[in-house]
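K.L.:
Let's see this in three dimensions:
(one chain, ligands or ions: 1)
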Amino acid sequence: MAEVRVRSAPSPTGAPHVGTAYIALFNRAFARAQGGHYLLRIEDTDQTRSRSEYETQLLNSLKWLGLDWDEGPDIGGPHGPYRQSERLDIYQSHAKRLVEEGHAYHCFCTPERLQELRGQQAKDGGRMGYDGHCRDLSQGEVERQLGSSASHVIRLKMPREGSCQFEDRHRGSISFDYENLDDQILLKSDGFPTYHLAVVVDDHEMGITHVIRGEEWINSMPKHLVLYECFGWQPPDHTHLPLLLNPDRSKMSKRRNPTSVEYYRAAGYLPQAMLNYMALMAYPPIGDGDGDEEKFDFDTLVGHFDLGRLNMGGSVFDLDKLSWLNGRYI
Ligand code: GLU
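P.N.:
So this is what the prediction gives:
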């Protein structure tokens, strides 16, 4: 079997989130258990929100937790660069290839037209999303517009009918109807890729064998699968971890819970307790051999780690329980 290669791909758009560390933890544990590699990739394609100081804080938070990586923006590796803003030529050449092969097209619709379209669709109460206005422009028209240096994006030609299915390792078979999905932007007018193009290209180029990420990305799967197919690539195995939740079962948010790893560090929580608690968010108790089922360290998790044992229920991040566990380590 090919060597296991996993990654986490956080966006440096705010203080390092506990959810980011939680995803890194499961990727790190799986890579260690399989004798594989875990790499850290920085998804900084949103230029308005990404900041280098957030990236520095992110790296420091993961290091504090002891979640190190085998390849990454600071240490390099054979598949670098590991910062997406430094890989623009790679995405642009892949987008060009998709256009040339008829899988994607230039779209010249102005923000005003798109806003009008949204307004009309909202009024009609029908399907929302891009209407494919530029999908069938003649070659001559496309060249004329490109020649006039009109601002444009590149969109993926999604199938118009039928459905796609994929096997999530834990959730079983999930299917999506194409008619509900519009032609996704792949390359923005500033030459930066969207998440969808960048994630597929990078996971392939970086040899990722297993994607382990949050369940909020499940709905992106059809777009990713269409991209894999257009490129003629085999998709990696996918596992979507349950979201971390507030006590009222809404997605964990700053308003209900401190979400920054830095907060917990400053408040005196121990990294071992944080790792242990985050592991319990999606992994059953293992025990440390002393009759304390819920207390186990990272090496114990790695020793037992089985991707098939993850629980998918959605996990309430409970500060009282974390504090209790922290007390067991002091
Ligand atoms: N940037 C995304 C995140 O921070 C990565 C999603 C993925 O792993 O594909 O959640």
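
K.L.:
Kindly check the end-to-end length of stretch 238-250 for me.
P.N.:
24 Å (C-alpha to C-alpha, to the nearest Å).

K.L.:
pLDDT score assigned to residue 1?
P.N.:
For residue 1, the model assigns a pLDDT of 65.

K.L.:
give me the element residue 225 is part of.
P.N.:
Using DSSP states H and E, residue 225 maps to helix 221-231.

K.L.:
tell me the residue furthest from the middle of the protein?
P.N.:
residue 140 (37.8 Å; C-alpha atoms, centre = their mean).

K.L.:
so which strand or helix has it?
P.N.:
Under the criterion of DSSP H and E, residue 140 resides in helix 139-147.

K.L.:
Could you list every helix and strand in contact with that helix?
P.N.:
Packed against helix 139-147 by the contact rule (3 or more C-beta pairs under 8 Å, 6 or more residues apart in numbering; DSSP states H and E) you find strand 104-107. All C-beta atoms are positioned from the backbone trio N, CA, C, and that covers glycine.

K.L.:
Counting by contacts, list what the strand it packs on packs against.
P.N.:
helix 88-100, helix 139-147, strand 153-156.

K.L.:
Among the ones you listed, which comes closest to the ligand?
P.N.:
Closest of the helices and strands packed on strand 104-107 to the ligand is helix 88-100, at 14.8 Å (criterion: C-beta to the nearest ligand atom).

K.L.:
who touches that closest one?
P.N.:
Residues from elsewhere that reach helix 88-100 (C-beta atoms under 8 Å, 6 or more residues apart in numbering): 84, 104-106, 154, 156, 186-187, 191-193, 197-198, 201, 205, 230-231.

K.L.:
bridging residues for the residue in the stretch 101-250 of the chain that the ligand sits nearest to?
P.N.:
Here the stretch 101-250 of the chain gets closest to the ligand at one residue, residue 213, 3.5 Å apart by C-beta to the nearest ligand atom. On DSSP bridges, the residues paired with residue 213 through beta bridges are residue 240.

K.L.:
And residue 316, what's its pLDDT?
P.N.:
89.

K.L.:
I figured it hits residue 249, correct?
P.N.:
Yes. If you go by C-beta atoms under 8 Å, residue 316 and residue 249 touch, sitting 6.8 Å apart.

K.L.:
Comparing those two, which shows the higher neighbour count?
P.N.:
residue 316 (15 against 10; other C-beta atoms under 10 Å).

K.L.:
Please name the residues that touch the more buried one.
P.N.:
Contacts of residue 316 by C-beta under 8 Å, 6+ apart are 245, 246, 247, 249.

K.L.:
Nearest residue to the third one in space, please, no chain neighbours.
P.N.:
Which is residue 247. Excluding its sequence neighbours, the residue lying closest to residue 247 (C-beta to C-beta, 6 or more residues apart in numbering) is residue 316, at 5.7 Å.

K.L.:
what's the distance between that neighbour and residue 276?
P.N.:
Distance, residue 316 to residue 276, using C-beta to C-beta, to the nearest Å: 16 Å.

K.L.:
now residue 35
P.N.:
23 Å.

K.L.:
ok, the two, which is more surrounded?
P.N.:
Higher neighbour count among residue 35 and residue 276: residue 276, with 26 against 8, using other C-beta under 10 Å.

K.L.:
So the more buried one sits against residue 293, correct?
P.N.:
No. Using C-beta under 8 Å, residue 276 makes no contact with residue 293, being 11.5 Å away.

K.L.:
Dump the helices and strands packed on strand 104-107 to a markdown table, plus mean pLDDT and distance to residue 60.
P.N.:
Below are the helices and strands packed on strand 104-107 laid out as a markdown table (pLDDT from 0 to 100; distance: least, C-beta to C-beta, whole Å):
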| stretch | mean pLDDT | distance to residue 60 |
| --- | --- | --- |
| helix 88-100 | 98 | 27 |
| helix 139-147 | 95 | 44 |
| strand 153-156 | 98 | 35 |
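
K.L.:
most neighbours per residue, which of these?
P.N.:
strand 153-156 (a mean of 22; mean count of other C-beta atoms under 10 Å).

K.L.:
can you list contacts of it?
P.N.:
95, 98-99, 103-107, 130, 134-135, 183-189, 196, 223, 226-227, 230.

K.L.:
what about burial for those residues, which qualify?
P.N.:
95, 98-99, 103-107, 130, 134, 183-188, 196, 223, 226-227, 230 (16 or more other C-beta atoms under 10 Å).

K.L.:
Keep only those residues that also lie close to the ligand.
P.N.:
For the ligand, no contacts are drawn from those by C-beta under 6 Å from any ligand atom.

K.L.:
Strands of the stretch 51-200 of the chain, residue ranges please.
P.N.:
104-107, 153-156, 163-168, 172-177, 185-187 (DSSP state E, counting those that start in this stretch).
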